[in-house]
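>>> sequence and computational prediction follow.
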Amino acid sequence: MSAAGADVVIIGGGLHGCSAALHLARAGVRALVVEKNYVGRHASGVNAGGVRTLARNEAEIPLALAALELWHHIGELVDDDCGFESFGQIRVAENAADAAALQQREARLQALGYSHERWIAADELFLRVPALSRHCVGGLIALRDGAALPYRTTAAFRRKAENLGQIFLEGTRVLGIRREGNSWVVDTSAGTLSCRVLVNCAGAWADAICAALGEPVPLEAIGPMMLVTLRMPRFLEPVVLGTGRPLSFKQTAEGTVLIGGGRLSRVDRGLETTELDFRELAASARTVRELFPVMRGAVIHRGWAGIEARMPDEIPVIGPSSTAPDVFHAFGFSAHGFELGPIVGRITAELITTGASALPIAPFSIRRFAGHAPD
Amino acid sequence: MTLASRYDILVIGAGPAGLAAAAESVAMGLRVALVDEQGAPGGQIYRAITTTPVQQRDVLGADYWYGEKLVAAFERSGAGYSPRTTVWAVTREADEFQIGLSCDGGAQLIRARQVILATGAQERPFPIPGWTLPGVMTAGAAQILLKSAGLVPGGTTVLAGSGPLLYLIAAQFTAAGARVECLLDTTPAGRWRDVLRHAPDFVASPYAAKGWSMLRAAQRMMRIVKGVEQISAIGAGKLDGVRFTTGGHTQDIPADLLLLHQGVVPGINLSNAIGCAHHWDAAQACFTPTVDDWGATSIPGITIAGDAAGIAGARSAEARGTLAALHAASALGHLRTAQRDAQAVAPRRELERWNRGRKFVDALYLPAPEFRIPTGDTIVCRCEEVTARQVTETVALGCTGPNQMKSFLRCGMGPCQGRLCGLTITELIAKERGVSPAETGYYRLRFPVKPITLGELAALPQTDSSVDAVVRIKR
Ligand SMILES: Cc1cc2nc3c(=O)[nH]c(=O)nc-3n(C[C@H](O)[C@H](O)[C@H](O)COP(=O)(O)OP(=O)(O)OC[C@H]3O[C@@H](n4cnc5c(N)ncnc54)[C@H](O)[C@@H]3O)c2cc1C
C-alpha cells in the first residue's frame, strides 16, 4: 500500500497528531494519520480539558501563550468552538507558605517579562470563587485561561484536517519503521506505507518509535485520574487548582463537576487499561471537601483515567530526531499537553516545511536524553 | 452486620444465584460474605419474601413462595450477610480483589480472594414514543411495588410488550385487585412458525405447563391484543392513553398507567467495569459476559452466577450459584478437582432440567427490531434526553461506536450509567452503519458503577492499616 500520495505519515491520532495533520494541510503538505484505536481514544479524548497557561514550566510559557491566542479564535482554525470557555484559572493559596511561593513565582515571571499570572488577595479571590472555603488566603490568576471539551476538540481538528484532504487510518497499528533509500517505510497492521517524512505523535507509546530510531527515551506511561459528579446548580466559573496539594477542579457548562489534578491510577500500557486507585481518589475527595464545602453531598458518578506520557523533567519532546533524517517528534506532554495542541502541530508543520520554528523549542530537544539506556 | 476486612469469597447479590453460592461456600468451610443492595434477601424474583405485606399466597404464586425455602437454607448456613450494601467498585489488588462498597452512608474498602457476581438481570430498554411521560413505567418496577409494599395501581392499567414475565405480572396484578384493561402483546405474529423446531424441548420442560396455564388465565382475565406492531404513549405532560397498531389498523385506548416490558437482559455494568470479556448474544440480542460452564470469566477470580451471566431464570440461577461456589472453592485450593466435579453432578442435572426449552422461549420472545431500535424523535437516553435522530445524525458525522457517541452527545453519561440506553445505542449505531452489534461494541463502563457521595469517598480510610475500620460519616 502506498501512503496514497501522502508526503508525511503521522503516527498517533491524538490532538497532537490531528493538529500536525491540520497545519500541514494548511501548508499544502499531504499527510496520513495512522491510529491504532480511534481518533481521540487516549489522553486527548479523556483529559480534563484545561486550557491553562497558569503554572507552566518556564520553557513552555512562550508556546502556551501562543497556543492560547489560537484557542481564543479556535473556531477560525477548525470551524467548531470546541466548547472553549474562558473564565480564567486560579491557583489558590491555602496558607502563608503557599502564598509566599505564589508571590515569588509572580515576581520571577515578571522579571522574565510575563504578566499572564497575577496575584489576587483574599477579597478578590472570594468574589471570583464565592464557594471557596474561607481559610484560603489568595491566589494566582491567569484571566484568559479556560477550558474546552477534549473529545470534541480532537474530533474537530480531525474533521477539519480531513476536509482539507488529509487521510486518517483508524484501527491501524504501526508495527515498525525502516529506512529505504530516501524514504521511510512504515509497517502497519493493515500493510506497508511509504513516505518522505515521519512524525511521532504516539503519546504514551512514543518511546517504541524512539527505540526503533536508536534514540531511547525515559518515557513513563502514567494514568491521571478524574472523577465527575452528577449535575449541580452552577456555583463556579473559573478552573481552580491547588498549590500545596494536587487538585484541578471545575464545573462544566452543563453543571457536572470535574475533579482531577494528577493523582495516578495503575496503568497497563500493553493492554491499554487503567485501574483506579480509590485510596488516592479518597485523598482528592478530602481536598475538595475542605476547599469547597458545597461539595460534601455531591454525587460522584464516574471515575476514569487516561494513559499519558510523562518525561522525567515533565516537559515534552518536540523537534527533529537526533539520529535519523526526516523524523519529527511531538510527545511526552506530561499531563498538560491539551492546551498546547493547537500550537505544537503548527511548530511541527513549520519544521517540516521550513526547517525551523519561530518559537523557542530548544529546551524540548530529544538530545537532552542522549545516553539514556534502552529498557 | 459489620463486614470484616477480608474474605475468601465475596458474593454480590442475594437472589437465588447469590443465596445458593453463599450457602454452598460456607458449607465448605470458607469465609464468605453476601452483600446486597436490598433490605432483605431474595433478589428480584423473591424480593421482600421475608417482609412482604402480600400474605395471601395465591397473589404472588407458588413460584414466588418457593424462595422461602432457599432463603431459610441461606439463613441457616451462617454465611455473613450485609443488606443495604452497594458495591461500587471491584479492582485488583495484588492477588486479591479490593471491593469498594457503601452501607447506610458509610463507605469501606474490603478484600476478597474470589468474587462471585450474582447481580442478576435488568429489564431490556423499551424505547417507544412517549415512554418518558409520567404514567409510563416498566412492569418490573410496578412488580417491585407490589412485592415490597403491596401496592397495586388504581385507575386503568395497560400492559405492553412480550415475554413470560409480562403475563406473570398481569396475573399477579389481577389477583391483587388491579384493573388491567388490556395487554398489548408485541410478539411478532409469525414468530410461532419460526420457533416450532425448538418446541419439543419446551414441551418437555417444567415451564410448559406453567406457561400454558398462565396464558389461559390471562386470557380469561383481560383483553389481549396479539401481534401489536407499534405502540406509543400519548398525553400532554402525563399519560392519557396508548396508541397501538395491529394488522395495519391503529387505535387509541385511554389509560392512567402503561407498564412496559420487553424481557430481561444480563445486568453487565459491574462485569464490564471490572474488565471481564463480553460477547454479543444474537439469540437474546444483548451483551453477555463470556463465561465457562462454571461461570468463570476471562478474569481469574471473578465468577458470575445466575442471570448476570445470561438469562436462564431462577431455578437455573440457583444451580449456577452452587457451581460458581464449587469453582471458587477449587480455585482457592480448598477443593480438589475430582471433589469439585463430583459435587457438581447434582446441580448440573438441575441446570439441564431447567435450561430445557430455553431456546424456544428466547426465540419466541426476542423483541422485534421496531421495539429495540427506535427512530425519529423517540428518546433513547432518558438521562440526557438524546433522541434516535440525534444518534443517527452523529453516525453520519463519522461517529462509529458507543464510546465516541458518549463523547459527542453525552448519552449514557447520566445517573443510570447507560443501563437504559446502552443496548439501544449499540443496535442503533450498528443498524445505521450496516455492521453487527458485536463489531459496534458497548459502552466502556467506569467505577463507581453506583453513585456515591463525595463525603463517603472522602471518609475512606487513608492508610492500609486503617482499611479495616468501618467508616461512618455524619450527614
Ligand atoms: C486524565 C487526564 C487529564 C488531563 N488534563 C489536561 C488538562 O486539563 N490540560 C492539558 O493541557 N492537558 C491535560 N492532560 C494531558 C493531555 O491530555 C495530553 O498531554 C495530550 O492529550 C497528549 O496528546 P497526544 O496526541 O500526544 O497523545 P494521545 O492523545 O494519547 O494520542 C496518541 C495516540 O497515538 C496512538 N498510537 C500510539 N502508538 C501507536 C502505534 N504504534 N500505531 C498507531 N497509533 C499509535 C494512540 O492510540 C493514541 O491515540 C490530561 C491528561 C489526562 C490523561
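Arrived safely, thanks for sending.
>>> drop to CA atoms for contacts and neighbour counts, all remaining ones
Will do.
>>> output the longest strand belonging to chain A.
strand A:220-229 (DSSP state E).
>>> strands paired with that one, and their directions?
Strand A:220-229 has its sheet partners listed here by DSSP bridges as strand A:257-260 (antiparallel), strand A:264-268 (antiparallel), strand A:299-305 (antiparallel), strand A:308-310 (antiparallel).
>>> what mean pLDDT does the third one have?
In this model, strand A:299-305 has an average pLDDT of 95.
>>> and the one residue sitting closest to the centre of chain A, how far from residue A:15?
In chain A, the centroid-proximal residue (Cα atoms, centre = their mean) is residue A:337; its distance is 1.8 Å. The gap separating residue A:337 from residue A:15 is 9 Å, by Cα to Cα, to the nearest Å.
>>> where does the stretch 251-375 of chain A come near the ligand, residue by residue?
With the criterion set to Cα under 6 Å from any ligand atom, the stretch 251-375 of chain A comes near the ligand through A:305-308, A:331, A:333-339.
>>> apply 8 Å and report the result again.
Proximity of the stretch 251-375 of chain A to the ligand (Cα under 8 Å from any ligand atom) is limited to residues A:260-262, A:304-309, A:330-341.
>>> show me which of those residues are buried.
A:260-262, A:304-309, A:330-341 (16 or more other Cα atoms under 10 Å in any protein chain shown).
>>> closest residue of the stretch 101-250 of chain A to chain B?
residue A:151 (6.2 Å; Cα to the nearest Cα).
>>> so what pLDDT did the residue nearest to that residue when sequence neighbours are not counted get?
Nearest non-adjacent residue to residue A:151, counting by Cα to Cα, 6 or more residues apart in numbering or on different chains: residue A:45, 4.0 Å away. We have a pLDDT of 96 for residue A:45.
>>> residue A:45 should be in a strand, yeah?
No. Residue A:45: not assigned to a strand; according to DSSP: H, G, I helix; E, B strand; the rest coil it is helix.
>>> residue A:150 versus that one, what's the distance?
5 Å.
>>> for the residue in the stretch 301-450 of chain B positioned nearest to the ligand, helix, strand, or coil?
Per Cα to the nearest ligand atom, residue B:404 is where the stretch 301-450 of chain B lies closest to the ligand, at 13.1 Å. Following three-state DSSP, residue B:404 is assigned to helix.
>>> burial measure for it, as a count.
A count of nearby residues for residue B:404, using other Cα atoms under 10 Å in any protein chain shown, gives 24.
>>> buried ones in stretch A:31-49?
A:31-36, A:38-49.
>>> strands - which of those residues land there?
Per DSSP E, the buried residues of stretch A:31-49 map to strands at A:31-34.
>>> also near the ligand: which of the residues you listed, exactly?
Among these, the ligand is touched by residue A:34 when using Cα under 8 Å from any ligand atom.
>>> how about the ones in strands among the buried residues of stretch A:31-49 in JSON lines, adding pLDDT and distance to residue A:96?
As requested, these are arranged in JSON lines below (pLDDT from 0 to 100; distance: Cα to Cα, whole Å):
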{"residue": "A:31", "pLDDT": "98", "distance to residue A:96": "52"}
{"residue": "A:32", "pLDDT": "98", "distance to residue A:96": "52"}
{"residue": "A:33", "pLDDT": "98", "distance to residue A:96": "49"}
{"residue": "A:34", "pLDDT": "98", "distance to residue A:96": "50"}
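>>> pull out the buried positions in stretch B:197-217.
Buried, per 16+ other Cα under 10 Å, within stretch B:197-217: B:198-199, B:202, B:205, B:207, B:211, B:214-215.
>>> need phi/psi at the residue nearest to the centre of chain A.
With angles defined as degrees, to the nearest 10, residue A:337 sits at phi -90, psi 0.
>>> partner residues bridging residue 34?
I'll assume chain A. Those that pair with residue A:34 in a beta bridge, by DSSP bridges, are residue A:11, residue A:169.
>>> sorry, I should have been clearer: chain B.
If you apply DSSP bridges, the partners that residue B:34 bridges to are residue B:11, residue B:81.
>>> hang on, residue B:215 packs against residue B:166?
No. Using Cα atoms under 8 Å, residue B:215 is not in contact with residue B:166, being 10.3 Å away.
>>> secondary structure class for residue B:384?
coil.
>>> contact partners for it?
B:410-414 (Cα atoms under 8 Å, 6 or more residues apart in numbering or on different chains).
>>> mind checking the SS state of the closest residue to chain A within the stretch 101-250 of chain B?
Among all residues of the stretch 101-250 of chain B, residue B:109 sits closest to chain A, at 8.7 Å; criterion: Cα to the nearest Cα. For residue B:109, the assignment made with three-state DSSP gives strand.
>>> residue A:184 contacts residue A:176, correct?
No. With contact defined as Cα under 8 Å, residue A:184 does not count as touching residue A:176 (10.5 Å).
>>> the more surrounded of these two?
A count of neighbours by other Cα under 10 Å puts residue A:184 above the other of residue A:184 and residue A:176, at 21 against 14.
>>> rewinding a little: and the contacts of residue B:384, which is closest to chain A?
For the contacts of residue B:384, the nearest to chain A is residue B:414 (7.2 Å; Cα to the nearest Cα).
>>> pLDDT score assigned to the closest residue in space to the closest one that isn't next to it in sequence?
Leaving aside its sequence neighbours, residue B:414 sits nearest to residue B:383 (Cα to Cα, 6+ apart; 5.0 Å). Predicted confidence (pLDDT) for residue B:383: 93.
>>> check the burial of residue B:383 by counting its neighbours.
Residue B:383 - counted by other Cα under 10 Å - has 18 other residues nearby.
>>> for it, which residues are in contact?
B:411-416.
>>> report the separation between it and residue B:136.
16 Å.
>>> could you do residue A:27 as well?
57 Å.
>>> residue numbers of the stretch 1-150 of chain A in contact with the ligand?
Counting by Cα under 8 Å from any ligand atom, the stretch 1-150 of chain A sits next to the ligand at A:11-18, A:34-52, A:147, A:150.
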